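Enquirer: give me a model of this one.
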Amino acid sequence: MLKPMIAMGLALCLALPAAAQDADDDDDLPAGLLAGPNKRDLPEIILSVGEPLGEPWVLKSGGYYEVEITSDGSGEIALAGAAFLRAIWIDEIVIEGLEIRPLGLDSLEFDEAGTMEIGFVAIKPGSYELAVPNGGETQRLQIVIE
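Expert: From the prediction side, this is the model:
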């Protein structure tokens, strides 16, 4: 009884590498959700005192997105949106080549001119916004996750 089980296990182990190699040969399949072909670039957000943030976004739940947020240095400018930032999973934030992988965010603030890039997966469907605190209606970016 033991010998047939060992023989079956050995046969299975020998067959697995060939099956795995066949799967690797299929170049049409992306490597995963965070693979380059799955990423969608969003329009850059420019932070400038009194200027609008941009056109509304419509995102798909489960989609991977990247956005650059740039401050022109015209003043200390924050960008708040706790509800939106909790409805996404942040893969990384890149600032001057430094990668940050946070567990979550409440807001961002630029004390001087600079750019950060945020890669994230949209998770929770709903309507959200990113806004400059006390910035008025034009300094709000409406976001819908479908």
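
Enquirer: when you work out contacts or count neighbours from here on, use the C-alpha atoms and nothing else.
Expert: Fine.

Enquirer: neighbours around Ala82, how many?
Expert: 15 (other Cα atoms under 10 Å).

Enquirer: try Ser48
Expert: Counted with other Cα under 10 Å, residues neighbouring Ser48 total 19.

Enquirer: quick check: the gap between it and Tyr64.
Expert: Between Ser48 and Tyr64 the computed distance is 27 Å (Cα to Cα, to the nearest Å).

Enquirer: how about Val58?
Expert: 13 Å.

Enquirer: and the residue most central in space within the chain, its phi and psi?
Expert: Centroid-nearest residue in the chain: Phe120, 1.1 Å away (criterion: Cα atoms, centre = their mean). Backbone torsions of Phe120, given as degrees, to the nearest 10, read phi -150, psi 160.

Enquirer: quick check, it in contact with Tyr65.
Expert: Yes - Phe120 is in contact with Tyr65 according to Cα atoms under 8 Å; the separation is 5.4 Å.

Enquirer: gap between Asp91 and Phe120?
Expert: Taken as Cα to Cα, the span from Asp91 to Phe120 is 5 Å.
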